[in-house]
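Q: turn this into a model:
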Amino acid sequence: MSKSTLTVTVGHFGEGGTLKKVPVNSMEEASKVCQDYIEENYLGGSTWRGGNVHQNGKKVAMVSYNGSVWATGAGKWTPETKEILF
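A: Numbers count the residues shown, from 1 in each chain. Okay, the predicted model is just below:
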């Protein structure tokens with residue numbers, strides 16, 4: 001059986017803006033990777049671009065600017081979206 005692949009996207013808008021996928025082992029690590037990226041690049045909420053978590057190529061969650069992780073089984077946030085607590 002092959003191991004599940006979990007990645008989170010990080011990036012920003014503006015000068016030098018990028019978007020890249022980073023391998024992670026958990027939702028907690030995905031949140032930390034995003035928070036570290038935001039801090040290291042001095043990003044505000046309007047310049048943060050990223051936070052989508054994919055498992056085996058399918059979007060399963062998203063990380064908010066504040067580090068909260070949300071289950072997005074349908075692929076996008078809705079008022080019924082549940083926060084993933086860890």
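Q: Provide a list of residues in contact with the residue most central in space within the chain.
A: Centroid-nearest residue in the chain: G51, 2.1 Å away (criterion: CA atoms, centre = their mean). Going by CB atoms under 8 Å, 6 or more residues apart in numbering, G51 touches V8, T9, V10, C34, M62, V63, S64, Y65. Where C-beta positions appear, they are placed from N, C-alpha and C, glycine not excepted.
Q: again, only this time at 10 Å
A: Counting by CB atoms under 10 Å, 6 or more residues apart in numbering, G51 touches 8-11, 30-31, 33-34, 37-38, 61-65, 67-70.
Q: are any of those buried, and if so which?
A: When those are checked for burial by 16 or more other CB atoms under 10 Å, the buried set is 8-11, 30-31, 33-34, 37-38, 61-63, 65, 69-70.
Q: list the ones among those residues that fall in strands.
A: Among those, the residues falling in strands (DSSP state E) are V8, T9, V10, G11, A61, M62, V63, V69, W70.
Q: can I get the residues you listed in JSON lines including distance to V24 and pLDDT?
A: Converted to JSON lines, these look like this (distance: CB to CB, whole Å; pLDDT from 0 to 100):
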{"residue": "V8", "distance to V24": "5", "pLDDT": "96"}
{"residue": "T9", "distance to V24": "11", "pLDDT": "94"}
{"residue": "V10", "distance to V24": "10", "pLDDT": "95"}
{"residue": "G11", "distance to V24": "15", "pLDDT": "92"}
{"residue": "A61", "distance to V24": "11", "pLDDT": "93"}
{"residue": "M62", "distance to V24": "13", "pLDDT": "92"}
{"residue": "V63", "distance to V24": "10", "pLDDT": "94"}
{"residue": "V69", "distance to V24": "11", "pLDDT": "94"}
{"residue": "W70", "distance to V24": "16", "pLDDT": "91"}
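Q: and these, which is closest to P79?
A: Relative to P79, the closest of those is W70; by CB to CB it sits at 11.3 Å.
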